[in-house]
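*Asks:* let's see this in three dimensions:
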Amino acid sequence: MANHELLKLTSHQVNTGGYNKAILAVGSCEAHGPHLASGTDTLVSYMLSCQVADQFNDLLVLPPITVGYSAHYDTFPFTLTLGYDTVTQVIYDYVESTIRNGITHIFILNGHDGNIAPIEVASRKIKEKYPEARIATLPAWWVTAGDLLPKGTFEVWDGLGHAGEGESSIAYYLYPQWCEPELAKGYVPDNLPDYVEIKWDFSELTNTAATGDPTKATPEKGEKMAKVLVKCMVDAIKKLDEIGWDYRTTAIR
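*Replies:* Down below sits the predicted model:
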């Protein structure tokens, strides 16, 4: 398949590639239980971004943001974190740099819960300065995968959890060489109320740096997750392409 990763393209290839849109993976580097790579959030989002780009000739894969806001995980080694405002500014700068290079249609694939708010703030700031920009995001793929797959795909807690059944499954599928499934252990939090959000420190929920049940994870489940997520993003981008990324309500144009 053609290479669309900016990290691996020469300037000549970029200039002649006909790129009119870009995809940005935003990840983290933090403990993911004893069994998954610390870069799981970056690896998953970047690998999926590359698979999405494989379906297009004009989608540029930007270098991933590899460290995010992870202060709520830093009880566990070896967690790296940027400050909240720093993450917001880094995302803003990435997107602004892309716009300055002539690409105003940008898809952001987030791989980490701590980045959701910074992505929202950075995107809103971009829209204030560059109203012509079109930004689409998939803010929580781990939720989307569960929504798209048939009920019963996951055995525990709908597959949710940090380094839980779902995330471990997709890791085992995408990069088994960087996983140690025999060490998997997690806990399902049992004292969180419904509908409201508790702003926890992760050590209040688990002592393994994993929640959910990673022992139920399989690469087969991970393959199903990857396929529905890639299709979801490809379908969304194709729909946006069909309408020229002009998502304004037809009646008010």
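
*Asks:* residue furthest from the geometric center of this protein?
*Replies:* residue 251 (33.4 Å; CA atoms, centre = their mean).

*Asks:* am I right that it is in a helix?
*Replies:* Yes: assessed by DSSP: H, G, I helix; E, B strand; the rest coil, residue 251 belongs to a helix.

*Asks:* from residue 243, how far out is it?
*Replies:* 14 Å (CB to CB, to the nearest Å). Placement of C-beta: from N, CA and C, glycine included.

*Asks:* can you check residue 78 too?
*Replies:* 45 Å.

*Asks:* what of residue 46?
*Replies:* Distance from residue 46 to residue 243, by CB to CB: 27 Å.

*Asks:* try residue 134
*Replies:* Residue 134 is 10 Å from residue 243, by CB to CB.

*Asks:* so which of those two has more stuff around it?
*Replies:* More crowded of residue 134 and residue 243, by other CB atoms under 10 Å: residue 134, with 17 against 10.

*Asks:* so which helix or strand takes in the residue nearest to that one when sequence neighbours are not counted?
*Replies:* Excluding its sequence neighbours, the residue lying closest to residue 134 (CB to CB, 6 or more residues apart in numbering) is residue 245, at 4.2 Å. Using DSSP states H and E, residue 245 falls within no helix or strand.

*Asks:* and the pLDDT at residue 110?
*Replies:* At residue 110, the model reports a pLDDT of 99.

*Asks:* for it, phi and psi?
*Replies:* phi -90, psi 140 (degrees, to the nearest 10).

*Asks:* my read: it touches residue 136, true?
*Replies:* No: Residue 110 is beyond contact range of residue 136, at 11.6 Å (criterion: CB atoms under 8 Å).

*Asks:* strands along the stretch 1-150 of the chain, start to end?
*Replies:* In the stretch 1-150 of the chain, the strands defined using DSSP state E, counting those that start in this stretch lie at 21-26, 59-61, 105-110, 134-138.

*Asks:* need those in TSV (columns: distance to residue 86).
*Replies:* Supplementary listing: the strands of the stretch 1-150 of the chain in TSV, determined by distance: least, CB to CB, whole Å:
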stretch	distance to residue 86
strand 21-26	13
strand 59-61	23
strand 105-110	16
strand 134-138	19
